[in-house]
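S.K.: Sharing a sequence plus its predicted fold:
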Amino acid sequence: MSDSPPLPPVRLTSEAELARDALATPLLSRAARLARWVGPDTRVGAGGELVEEQLAGAADALGLTGDDAAAFASEAWRIAVDTGLVEIVDEDEGTVAAGADLALLTSGGPQDVLGVWLVALEAVLADASVPDLDELAGAVEDGGELDLSSLDWDPEAEAEFLDGVLANLYLLTVSEGGEGPVPLPALAASMIVPDDMGDPSNDVLEQVSDAMMRLDDQFRLLEPVGLVDFQPVDEALMTDTDEEPAGPLDETDVSRYGMVQLTPLGLYGLRARLLEAGFSVPAVGDLMDKGADALLDGTGVFPPAAAQAETEQWLARREPLPAARELLAAARGGDAGAPLRRLRCQQALSLVGMEAEPALRDVLDDAELGGLARVWLSEHGAVDVPPPSEAMIFWLTIDTVAAQLAAEGNSAELQGLVEGLAQQHGGFFAAAWRVDHPATPDVLEAMGRLHPDKKVAKEARKAAFKARSQQGG
């Protein structure tokens with residue numbers, strides 16, 4: 001998994017805020033209260049579960065009432081034991097005491113609190129992959145043995161399914177424009193429907209529906225630990241067709257089929273799990289203590305908003321002039337990644353004021369940086385900026401298109417840029433193939449691919465051939 005491409009960077013809330021969120025989750029806060037409630041008369045069974053006759057007392061201690069009070073108390077007790085907030089003193093006697101880890105919640109730092117919460121999260125995720133109690137009870141054979149084959153349940157496959165769903169939810173959340181709740185049917189379909197499938201068959205739609213209902217049960221379990229904000233499936237949609245619904249049904253309202261959204265704490269938790277699994281999972285702020293080379297290379301794969309946020313944090317720790325010099329030095333190079341580094345450098349320098357002017361003037365005669373230096377100085381209203389030569393203009397143009405190709409691929413924005421270049425400069429391709437830039441052949445080939453006018457596209461392809469021949473390719 002370490003060879004997997006990096007996921008988009010996530011913007012995490014501060015650890016102090018996340019720790020406060022963790023302490024406020026219903027499940028962990030109840031578990032902590034039960035750990036404080038434990039006394040010399042508290043007893044547990046062989047599996048560490050609170051004995052049945054003490055569940056009512058635990059529910060009272062938590063202020064729980066109603067039919068589900070004992071079940072909620074039992075769930076909180078399991079988490080208290082699993083996280084070390086409660087320790088079993090004597091298994092034979094069934095005696096317990098407050099665990100050493102309880103102090104982590106009261107006097108530990110944010111990382112201590114989050115460590116306890118992560119253990120609680122793993123326990124709940126394990127529970128969410130298990131069939132409900134009714135199904136388990138039905139699978140117990142006469143001899144008291146559990147017959148898993150009768151459940152049509154594969155524990156490993158079920159855990160992998162839930163992990164896949166949560167990974168997809170994480171990816172949807174951290175992708176550009178991914179904020180907001182995700183419809184449960186879309187999340188289920190992301191695991192069932194192949195990417196290249198047109199209209200899904202009835203069989204596939206039935207699988208999506210089944211998966212959606214499984215997820216409805218699972219997210220109901222995961223909400224109390226603070227992983228998600230969840231709007232369950234409207235129960236009116238699950239009524240028997242023979243029964244009259246209590247009110248009018250609007251089946252076009254997708255929210256009625258369930259909506260789920262990761263909380264800031266949930267983002268933190270899933271990132272921790274993905275890191276543990278070997279994925280590259282960057283977070284905004286990871287690069288702020290590293291050099292400009294790491295910043296420019298790292299943000300090269302970031303979406304624009306995340307790249308700017310990372311760069312702002314990097315600049316905030318440095319004085320403008322030395323930061324500009326470091327960025328310009330890191331932007332040099334003739335390798336394949338250099339054009340995108342220079343684009344990220346230009347974007348970073350746009351956030352720096354006139355204090356950086358001397359660094360830009362120092363590179364005015366630099367073949368690779370002189371063009372972007374002139375652009376920066378002009379945009380900042382500097383005086384006595386020497387005009388660029390025609391050779392520099394064409395070199396900067398090739399470099400800019402190469403960077404856009406690396407950043408966005410064949411985007412509509414890039415197509416518009418290509419059309420504009422060909423339109424503004426009648427002899428563009430006659431001059432462009434001579435540009436001494438490593439990316440010239442690839443840029444001209446891309447222009448031929450992107451330009452909608454067949455005649456212009458043919459000119460671009462001919463120019464690309466000449467450029468490649470000139471470079472000995």
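M.R.: All right, it came through fine. Numbering: from 1, shown residues only.
S.K.: now the strands: where do they sit in this structure?
M.R.: Using DSSP state E, the strands of the chain run over 86-90, 95-98, 182-183, 228-231, 259-262.
S.K.: so residue 262 touches residue 173, yeah?
M.R.: Yes. Residue 262 lies in contact with residue 173 (Cβ atoms under 8 Å); the separation is 5.0 Å. All C-beta spots, glycine's among them, are computed from the backbone N, C-alpha and C.
S.K.: higher neighbour count, these two?
M.R.: Per other Cβ atoms under 10 Å, whichever of residue 262 and residue 173 has more neighbours is residue 262, with 24 against 19.
S.K.: ok, now which ones touch the more buried one?
M.R.: 169, 170, 173, 227, 228, 270 (Cβ atoms under 8 Å, 6 or more residues apart in numbering).
S.K.: my guess is the third one contacts residue 267, does it?
M.R.: Yes. With contact defined as Cβ under 8 Å, residue 173 and residue 267 form a contacting pair (6.5 Å).
S.K.: Now do the helices in the stretch 151-300 of the chain.
M.R.: With DSSP state H, counting those that start in this stretch as the criterion, the stretch 151-300 of the chain has helices at 155-174, 184-192, 202-222, 264-276, 292-298.
S.K.: mind exporting the second one as PDB, just the C-alpha atoms?
M.R.: When you say that, I think you mean helix 184-192. The C-alpha coordinates for helix 184-192 follow below in PDB (Å, rounded to 0.1, in the frame of the first residue of the first chain):
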ATOM      1  CA  LEU A 184     -26.000   6.900   1.300                       C
ATOM      2  CA  PRO A 185     -27.000   5.400  -2.100                       C
ATOM      3  CA  ALA A 186     -24.000   7.100  -3.700                       C
ATOM      4  CA  LEU A 187     -21.600   5.700  -1.100                       C
ATOM      5  CA  ALA A 188     -23.100   2.200  -1.500                       C
ATOM      6  CA  ALA A 189     -22.900   2.400  -5.300                       C
ATOM      7  CA  SER A 190     -19.200   3.400  -5.100                       C
ATOM      8  CA  MET A 191     -18.500  -0.100  -3.700                       C
ATOM      9  CA  ILE A 192     -20.800  -2.100  -5.900                       C
END
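S.K.: now the angle from that helix to helix 202-222?
M.R.: Using axes from the mean of the first three to the mean of the last three Cα atoms, to 10 degrees, one finds that helix 184-192 and helix 202-222 are set 110 degrees apart in direction.
S.K.: Next: the fourth one.
M.R.: Angle of helix 264-276 versus helix 202-222, following the same axes, to 10 degrees, is 110 degrees.
S.K.: Pull out the buried residues from stretch 448-464.
M.R.: Neighbour-count burial for stretch 448-464 flags 448, 450, 451, 456, 457, 459, 460, 461, 463, 464 (criterion: 16 or more other Cβ atoms under 10 Å).
S.K.: cool, and stretch 322-339?
M.R.: 323, 324, 325, 326, 327, 328, 330, 331, 332, 338, 339.
S.K.: Turn the residues you listed into a markdown table, including pLDDT and distance to residue 76.
M.R.: As requested, these are arranged in a markdown table below (pLDDT from 0 to 100; distance: Cβ to Cβ, whole Å):
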| residue | pLDDT | distance to residue 76 |
| --- | --- | --- |
| 323 | 98 | 50 |
| 324 | 98 | 55 |
| 325 | 98 | 57 |
| 326 | 98 | 52 |
| 327 | 98 | 52 |
| 328 | 98 | 57 |
| 330 | 97 | 52 |
| 331 | 97 | 55 |
| 332 | 96 | 59 |
| 338 | 96 | 56 |
| 339 | 96 | 56 |
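S.K.: Turn those into CSV, including distance to residue 405.
M.R.: Formatted as CSV, those follow (distance: Cβ to Cβ, whole Å):
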residue, distance to residue 405
323, 27
324, 26
325, 28
326, 26
327, 22
328, 22
330, 20
331, 17
332, 20
338, 13
339, 8
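S.K.: and residue 372, how many neighbours?
M.R.: Using other Cβ under 10 Å: residue 372 sits among 22 other residues.
S.K.: cool, residue 423 as well?
M.R.: 12.
S.K.: With residue 410 as the reference, measure out to it.
M.R.: 19 Å (Cβ to Cβ, to the nearest Å).
S.K.: rewinding a little: and the strands of the chain, which is most packed in?
M.R.: strand 259-262 (a mean of 22; mean count of other Cβ atoms under 10 Å).
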